[in-house]
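>>> Need a 3D model of the sequence below.
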Amino acid sequence: MRNVMKTAAGLALAIVLGMPAIAQDKLTIGIMVPTTGSEATYGQDMANAVNLAIGEINAAGGVLGQQLTSTVGDDGRDAQLAVNAASNLAASGVVGVVGGYCSGATIPTLKIYGDAKIPLIIPAANSTKLIPENPGNAFMINSTGNDQVAKAIEYFNGKCIKSIAIINQGDAYSQDRADLTKKNWEAAGNKVTNFEVTNKGEQDYSAVVTAITSANPDAVFWTAYYADGGLLIRQLRERGYQGLIAVDDGSNSPELFKIAGPAAEGVIAFSNPTEAVRRSARALFDAQLRRDEAARLGHQHGRHDRLGQGDRDAAGRQLHRHDLGPDLVHARKDPGPLQLRGAAGQGRRLDAGPVIARCSQDRRSGADPSSEIG
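Numbers count the residues shown, from 1 in each chain. Below is the predicted model of the structure:
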């Protein structure tokens, strides 16, 4: 998360380089994230990452001869709070904004930043509904839900999953992801046993849990956020559900362990690769491109060694590998969905599982013994 947000900050600040000089001592970057509410942990991580990038840029001389500073607008993962935050940031004279954790809170701010002609870099929010609402000044660095849905379906197929229950919270992000999953899953001839909508902050999921355990689908897919997802997972396991449980990137957080406890064991989390992974893959491609260019210009003797399939495969593995920090574990194989392993309080690890599980494996379990580490 921190590496990804730092990349977002760098991209946002790069846009500022193309702006005319402003007659002020410092250039101010707005940060629009949730610093209160259930997703405040993510929001604070994002703000910290932007400020880390600002510190590095200032140490290198700043932008246009000026130092950078930041100001934070709390969107609270709420549409009205986000509108207030965006209006205040626009009125304060920021030259650009990095922000947008939650799609539902981000969408209503697009017009505000567009009218003010303020560039907005969106590092996390990725609902497909953002695209038609973009007035032309907003830039997403995260892929849309189409990619994660495709990977989720690929993984489910690999596990011989034939029926799933989909649960969302009716907001722009989770409903978009749920709708895309249902559409593509059913189009492939599979079954959606339950399509449930819960409320943000709900504590008692007994009605939903009863419906799902009665239908007994092969898998449950939660497309919303970890704060509520952890509680739902715990209640599903307490009521005896034994099938695979998967969560989307809004729940890809170690905080899920604190809420779900041991019930988080074996949960599959779908996520995007991080900045450090993209950098390592990019280095591989850049090295090959330099060799190709050298050969083209006649500076390299011998056979022109073009990028081979082995190099492409290696780069692909790097692009999909999840670098989650020193307290988490890297996969030994081609990674894909993250598998949550280890009971709460016992190391809390996010292990990367294989890109495509084999259908011959137990379809009712997320565990893949071949991907165990240690």
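>>> quick one: V63 and G96, what's the gap?
Between V63 and G96 the computed distance is 10 Å (Cβ to Cβ, to the nearest Å). All C-beta atoms are positioned from the backbone trio N, CA, C, and that covers glycine.
>>> And L68, by the same measure?
Distance from L68 to G96, counting by Cβ to Cβ: 10 Å.
>>> Ok, S127 next?
S127 is 22 Å from G96, by Cβ to Cβ.
>>> Then Q80?
From Q80 to G96 the distance is 23 Å (Cβ to Cβ).
>>> Then F221?
According to Cβ to Cβ, F221 and G96 sit 36 Å apart.
>>> Compare those two (neighbour count), which wins?
The residue with more neighbours, out of F221 and G96 and counting by other Cβ atoms under 10 Å, is F221; that gives 28 against 23.
>>> Now do the phi/psi pair for the more buried one.
Dihedral pair for F221: phi -120, psi 110, per degrees, to the nearest 10.
>>> What of D248?
The phi and psi values for D248, taken as degrees, to the nearest 10, are phi -90, psi -180.
>>> which residues touch it?
148, 152, 174, 177, 221-224, 269-270 (Cβ atoms under 8 Å, 6 or more residues apart in numbering).
>>> Over to A224?
Applying Cβ under 8 Å, 6+ apart, the residues near A224 are 167-169, 171, 173-174, 198, 248, 250-251.
>>> What of S251?
S251 neighbours (Cβ under 8 Å, 6+ apart): 222, 224-226, 229-230, 269.
>>> Go through the residues you listed and name the one nearest F257.
Among the contacts of S251, G230 lies closest to F257 (Cβ to Cβ), at 7.8 Å.
>>> so how far is A105 from the nearest residue to the closest one once chain neighbours are set aside?
Distance criterion Cβ to Cβ, 6 or more residues apart in numbering; nearest residue to G230, sequence neighbours excluded, is I259 at 2.7 Å. Distance, I259 to A105, by Cβ to Cβ: 21 Å.
>>> out of those two, which sits in the more crowded spot?
Counted by other Cβ under 10 Å, I259 and A105 do not tie: A105 has more neighbours, with 30 against 20.
>>> can you confirm that one is in a helix?
Yes - looking at A105 with DSSP: H, G, I helix; E, B strand; the rest coil, it is inside a helix.
>>> Give me the pLDDT for it.
Listed pLDDT for A105 reads 94.
>>> I figured it was touching D78, is that so?
Yes - contact criterion Cβ atoms under 8 Å: A105 and D78 qualify, at 5.9 Å.
>>> can you map out the strands along the stretch 51-200 of the chain?
67-74, 96-99, 120-122, 138-140, 163-168, 191-197 (DSSP state E, counting those that start in this stretch).
>>> Enumerate every residue touching the residue nearest to N134 when sequence neighbours are not counted.
Closest residue in space to N134, ignoring its immediate chain neighbours: L110 at 5.9 Å, by Cβ to Cβ, 6+ apart. For L110, the contact set (Cβ under 8 Å, 6+ apart) comprises 120, 130, 133-135, 138.
>>> before we move on, back to that, tabulate the contacts of A224 (a markdown table), appending pLDDT.
Formatted as a markdown table, the contacts of A224 follow (pLDDT from 0 to 100):
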| residue | pLDDT |
| --- | --- |
| I167 | 98 |
| N168 | 97 |
| Q169 | 95 |
| D171 | 89 |
| Y173 | 88 |
| S174 | 93 |
| T198 | 97 |
| D248 | 90 |
| G250 | 85 |
| S251 | 89 |
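>>> Sort out for me which of those are in helices.
173-174 (DSSP state H).
>>> Columns distance to G37 on top of the contacts of A224, output as JSON lines?
Shown next, in JSON lines, are these (distance: Cβ to Cβ, whole Å):
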{"residue": "I167", "distance to G37": "20"}
{"residue": "N168", "distance to G37": "18"}
{"residue": "Q169", "distance to G37": "13"}
{"residue": "D171", "distance to G37": "13"}
{"residue": "Y173", "distance to G37": "15"}
{"residue": "S174", "distance to G37": "15"}
{"residue": "T198", "distance to G37": "17"}
{"residue": "D248", "distance to G37": "19"}
{"residue": "G250", "distance to G37": "14"}
{"residue": "S251", "distance to G37": "16"}
